[in-house]
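J.: model the following, please.
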Amino acid sequence: MKIALFTDTFYPDINGVAGTLKRFTDYLASQNISVKIFAPDTHSEEYVSSQLYRFKSLPFFLYPECRLAFPNLLDIKSELQSFGPDLIHVATPFNMGLCGVYYAKKLNIPLVGSYHTDFHYYLQYYDLLFLAKYLWKYMNWFHRPFKKVFVPSYETMIQLKRHGFTKLELWPRGVDCQLFHPFYNKHEVRRKLGVTGKHLLTYVGRLAPEKDVSLLLELARLIPADMNVQWLLVGDGPLRETLEKEAPSNMLFTGYLKGEVLAEVYAASDVFVFPSSSETFGNVVLEALASGTPVVGAKAGGVKNIIQSGLTGKLVEPGNVQEFLDAIQMLLNHDSLRFQMGMEGRKYALTQKWEHIFENLLSSYEDVIGSERHAKFA
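T.: Alright, predicted model coming up:
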């Protein structure tokens, strides 16, 4: 099998889409499956591969981690004809994605896609809700030619069905439980981070309006001082400067972390707090659970399909500061419950294996390729 992947974000970009696609292409390489990746240039030399074909680009204003590429159509056509893919997978609906759709039609190559980001939800945070009707029209038009559209959660599938999408199939996310685990030296990690509080509350993700991160500042001000709480905000984004100016002294900002350093932070935390209600999945939530850390998260989007409220954490009403506050205080005041939830979260994460998830995706690829071949010769 040969696969051509078109995406507007790829490693070393730091976001869920780029991370998932990088892990998938690594898996394909381990299975000796050929892949050619068409993606925007990131102006970074961190990752260079003969499989990767990059184009000049500019950041997309709503989501700078996704970039608007300026692809050379003749170069893409030449690469595709030379490579001879059995299938094209389009992961994003911007310029690179449009190129993938165009050449799938033009070269008669089976086409599938995946839906990763709820851009409709983002519009309300940037005073662009008047564009919602046009956005959904575009998204329906864009995804219509796909033989299958892979979605990360049942919640996303339900939402897309309401908007007229068809041929939807679940493609959830896994987690590396060898990297993310509870067995790091928590005291040493906290010492390295400069954490002095008794309890550590952590958020990992983009510091942007659509992630509802301003709620974290409200929580930091409301938690009683005698609880001796320290906050750790891991990530970056357009709100970082404002948050740092307004944050209380017990809130630390680390910027983006990855690999073992990030895994240590999850494991050293008492509670992972995730207010975002815009997630189609919520990779960081699963990483926290794998690390034995219970999660207090918004009961919305893909996150509500990951957290088992009362067992691995607590789901609360999106944006409800009091419910978040009550859930956090309850967990901090009950060590045995917090530990039990952490262990249940770890147990759940151990069932979410990337290998099994990717095997199922390849099986779906084979179904599409087989049905297209059958149609050609019928």
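J.: downstream neighbour of the lowest-mean-pLDDT helix or strand in the chain in the secondary structure list?
T.: Least confident element among the helices and strands of the chain, by mean pLDDT, DSSP states H and E: strand 63-69 (a mean of 71). Counting by DSSP states H and E, the next helix or strand C-terminal to strand 63-69 is helix 73-83.
J.: Ser364 is in contact with Lys167, isn't it?
T.: No - Ser364 is beyond contact range of Lys167, at 10.8 Å (criterion: Cβ atoms under 8 Å). Any C-beta I mention is one placed from the backbone N, CA and C, and that applies to glycine too.
J.: overlap in contacts, the two.
T.: Taking Cβ atoms under 8 Å, 6 or more residues apart in numbering as the contact criterion, the common neighbours of Ser364 and Lys167 are Lys148.
J.: list the residues that contact Ala247.
T.: Leu217, Ala220, Trp231, Phe253.
J.: most neighbours, which of these?
T.: Top of the contacts of Ala247 by neighbour number is Trp231, holding 23 neighbours under the definition other Cβ atoms under 10 Å.
J.: what's downstream of the helix or strand containing Ala327, the next helix or strand?
T.: Using DSSP H and E, Ala327 sits within helix 321-332. Following helix 321-332 in sequence order, the next helix or strand is helix 335-349 (DSSP H and E).
J.: alpha carbons of the helix or strand that that next one is followed by, as PDB, please.
T.: The C-terminal neighbour of helix 335-349 among helices and strands, as given by DSSP H and E, is helix 354-377. Extracted C-alpha coordinates of helix 354-377, given in PDB (Å, rounded to 0.1, in the frame of the first residue of the first chain):
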ATOM      1  CA  TRP A 354      -2.100   3.300  19.000                       C
ATOM      2  CA  GLU A 355      -1.200   0.000  17.200                       C
ATOM      3  CA  HIS A 356      -4.700  -1.300  17.400                       C
ATOM      4  CA  ILE A 357      -6.200   2.100  16.300                       C
ATOM      5  CA  PHE A 358      -3.800   2.300  13.300                       C
ATOM      6  CA  GLU A 359      -4.500  -1.300  12.300                       C
ATOM      7  CA  ASN A 360      -8.200  -0.500  12.100                       C
ATOM      8  CA  LEU A 361      -7.500   2.600  10.100                       C
ATOM      9  CA  LEU A 362      -5.400   0.600   7.600                       C
ATOM     10  CA  SER A 363      -8.300  -1.900   7.400                       C
ATOM     11  CA  SER A 364     -10.600   1.000   6.400                       C
ATOM     12  CA  TYR A 365      -8.100   2.100   3.800                       C
ATOM     13  CA  GLU A 366      -8.100  -1.400   2.300                       C
ATOM     14  CA  ASP A 367     -11.900  -1.400   2.200                       C
ATOM     15  CA  VAL A 368     -11.900   1.900   0.200                       C
ATOM     16  CA  ILE A 369      -9.100   0.800  -2.200                       C
ATOM     17  CA  GLY A 370     -10.800  -2.600  -2.700                       C
ATOM     18  CA  SER A 371     -14.200  -1.100  -3.400                       C
ATOM     19  CA  GLU A 372     -12.700   1.500  -5.900                       C
ATOM     20  CA  ARG A 373     -10.900  -1.300  -7.800                       C
ATOM     21  CA  HIS A 374     -14.100  -3.300  -7.900                       C
ATOM     22  CA  ALA A 375     -16.000  -0.400  -9.200                       C
ATOM     23  CA  LYS A 376     -13.500   0.200 -12.000                       C
ATOM     24  CA  PHE A 377     -13.700  -3.400 -13.300                       C
END
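J.: helices or strands next to helix 354-377 in the packing?
T.: Packing partners of helix 354-377 (3 or more Cβ pairs under 8 Å, 6 or more residues apart in numbering; DSSP states H and E): helix 16-30, strand 87-90, strand 111-114.
J.: need the ones you listed in a markdown table with mean neighbour count and distance to Leu262, can you?
T.: As requested, these are exported to a markdown table (neighbours: other Cβ atoms under 10 Å; distance: least, Cβ to Cβ, whole Å):
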| stretch | mean neighbour count | distance to Leu262 |
| --- | --- | --- |
| helix 16-30 | 19 | 11 |
| strand 87-90 | 25 | 27 |
| strand 111-114 | 25 | 24 |
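J.: which one, of these, ends up nearest to Ser309?
T.: Minimum separation from Ser309 across the helices and strands packed on helix 354-377 (Cβ to Cβ) falls at helix 16-30, 22.1 Å.
J.: average pLDDT for that closest one?
T.: Helix 16-30 shows a mean pLDDT of 94 in the predicted model.
J.: can you list contacts of that helix?
T.: Residues from elsewhere that reach helix 16-30 (Cβ under 8 Å, 6+ apart): 3, 5, 7, 9-12, 34-35, 37, 51, 65-66, 91-92, 116-117, 173, 281, 283, 354-355, 358, 361.
J.: repeat the analysis, applying 6 Å as the threshold.
T.: By Cβ atoms under 6 Å, 6 or more residues apart in numbering, the residues outside helix 16-30 that reach it are Thr7, Thr9, Phe10, Tyr11, Val35, His116, Asn283, Phe358.
J.: tell me how many other residues crowd the fourth one.
T.: One way to gauge burial is a neighbour count; for Tyr11, by other Cβ under 10 Å, it gives 21.
J.: angles on the backbone of it, please.
T.: Tyr11 has phi and psi values of phi -50, psi 140 when expressed as degrees, to the nearest 10.
J.: if I look at it, how far off is Trp354?
T.: Distance of Tyr11 to Trp354, computed by Cβ to Cβ, to the nearest Å: 15 Å.
J.: rewinding a little: which strands or helices does the helix holding Ala327 pack on?
T.: In this structure, helix 321-332 packs against helix 214-222, strand 313-316, with contacts taken as 3 or more Cβ pairs under 6 Å, 6 or more residues apart in numbering; DSSP states H and E.
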